[in-house]
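Asks: following is a predicted model, sequence given first.
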Amino acid sequence: MFLKKLLSSFLLSPFIIIFLFIPFLFLADFKKNKKIKLYIFFVCFLIYFLSTDFGKNFIFYFLEKDYIDYNVKDIVSNLKGIKNDKLNLVVVLAAGGDYRYQLSEDSYDRLFIAYFLYKRYNCDIFLSGGAISNNINLKVPISNIMYFYLQNLGVPKEKIFIDDKSLDTFQNINNLKKFISNKNYNNIIILTSSYHIPRTKLLFNNLIDNNKLKSKVIFLGCSFKYSKYYDVYSFIPSFYNLYLSFLGIKEYLGIIYYYFYFYRLKKS
């Protein structure tokens with residue numbers, strides 16, 4: 001069983017892409033094409049590194065470093081610091097779905113934790129996320145898909161609020177700002193994937209005046225990508241790890257973009 005799993009991990013991994021590059025290392029004249037060979041070697045190494053647990057963890061460490069020892073089962077104990085042990089609102093930032101009403105992995109995680117918090121605190125739920133496609137057949141807001149699940153899980157309509165216009169985190173926070181300005185919530189949780197919290201905090205702190213905010217806001221992460229432990233499979237590249245690595249890189253690019261965006265606004 002172990003050997004079978006090991007072989008399948010090798011065959012169904014980015015090693016296939018790396019093997020396609022290897023012939024070029026031997027076909028090219030090393031002396032005349034030294035830079036090309038070094039470039040091919042670098043690309044192969046980069047693909048391998050980003051496809052392993054080591055590379056993926058390197059990407060996500062700085063995004064999730066505050067959550068490395070976190071465990072979902074500790075949610076309630078970690079929230080004991082909220083005033084009067086009362087949670088008024090949980091905000092769910094959507095992370096993808098499709099017209100079949102299937103949610104992405106991160107969206108499922110966020111929604112399930114939100115439902116757990118609702119059952120524990122009987123809090124309101126704010127779902128934020130619009131349609132991810134302009135195709136009329138695919139134009140289903142992610143918040144509506146989440147609403148469908150919560151309704152069928154027995155959450156009353158009056159406990160659910162929907163923002164079906166937001167297309168990115170910037171709009172998520174802006175529309176949340178408009179929503180909570182008319183409410184008297186004491187404690188609010190913003191729930192998103194842990195790697196997404198740094199960018200969410202950056203936007204929140206720049207778009208919302210904390211001095212005027214009456215509510216206490218707690219950022220809660222889920223869908224952790226950093227793996228604390230390693231095994232033999234950690235050395236074998238996988239397309240899933242490669243996907244996650246690029247997901248993390250995209251997050252860094254978003255943080256850099258908004259950092260300079262707000263920096264320019266403050267300078268102007």
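Replies: All right, it came through fine.
Asks: drop to CA atoms for contacts and neighbour counts, all remaining ones
Replies: Will do.
Asks: quick check: buried residues in stretch 170-177?
Replies: Using 16 or more other C-alpha atoms under 10 Å as the test for burial, stretch 170-177 gives 170-173, 175-177.
Asks: stretch 139-148 too?
Replies: Result for stretch 139-148 [16+ other C-alpha under 10 Å]: buried residues 140-147.
Asks: cool, and stretch 200-209?
Replies: Applying 16+ other C-alpha under 10 Å to stretch 200-209 flags 200, 203-204 as buried.
Asks: what's the answer for stretch 109-121, then?
Replies: In stretch 109-121, counting by 16+ other C-alpha under 10 Å, buried: 109-111, 113-115, 117-118, 121.
Asks: let me see the ranges of the strands in the stretch 51-200 of the chain.
Replies: With DSSP state E, counting those that start in this stretch, the ranges of strands along the stretch 51-200 of the chain come out as 89-93, 124-128, 160-163, 187-193.
Asks: nearest to D69, out of those strands?
Replies: When the strands of the stretch 51-200 of the chain are compared for distance to D69 using C-alpha to C-alpha, the nearest one is strand 187-193, at 15.1 Å.
Asks: partner strands of the closest one and their direction?
Replies: Strand 187-193 sits in its sheet next to strand 89-93 (parallel), strand 216-222 (parallel), going by DSSP bridges.
Asks: now do the contacts for K250.
Replies: With contact set as C-alpha atoms under 8 Å, 6 or more residues apart in numbering, K250 has no partners.
Asks: roughly how far does the residue most central in space within the chain sit from Y233?
Replies: Centroid-nearest residue in the chain: S193, 4.0 Å away (criterion: C-alpha atoms, centre = their mean). From S193 across to Y233, the span is 25 Å (C-alpha to C-alpha, to the nearest Å).
Asks: ok, N135 next?
Replies: 40 Å.
Asks: okay, those two: which has more neighbours?
Replies: More neighbours surround Y233 than the other of N135 and Y233, with 14 against 9 (other C-alpha atoms under 10 Å).
Asks: what secondary structure does that one sit in?
Replies: helix (DSSP: H, G, I helix; E, B strand; the rest coil).
Asks: that older thread, in CSV, list the buried residues of stretch 139-148 along with pLDDT and distance to V90.
Replies: Shown next, in CSV, are the buried residues of stretch 139-148 (pLDDT from 0 to 100; distance: C-alpha to C-alpha, whole Å):
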residue, pLDDT, distance to V90
V140, 87, 22
P141, 91, 19
I142, 92, 16
S143, 94, 14
N144, 94, 16
I145, 93, 17
M146, 96, 13
Y147, 96, 14
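Asks: closest to D209 out of the residues you listed?
Replies: S143 (25.7 Å).
Asks: isn't the closest one right up against I162?
Replies: Yes - if you go by C-alpha atoms under 8 Å, S143 and I162 touch, sitting 6.3 Å apart.
Asks: okay, the strands of the stretch 51-200 of the chain in a markdown table with distance to G55 next?
Replies: Below are the strands of the stretch 51-200 of the chain laid out as a markdown table (distance: least, C-alpha to C-alpha, whole Å):
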| stretch | distance to G55 |
| --- | --- |
| strand 89-93 | 27 |
| strand 124-128 | 32 |
| strand 160-163 | 36 |
| strand 187-193 | 19 |
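Asks: out of those strands, the one nearest Y39 is which?
Replies: Nearest of the strands of the stretch 51-200 of the chain (C-alpha to C-alpha): strand 187-193, 34.7 Å.
Asks: what's the angle from that closest one to strand 124-128?
Replies: 40 degrees (axes from the mean of the first three to the mean of the last three C-alpha atoms, to 10 degrees).
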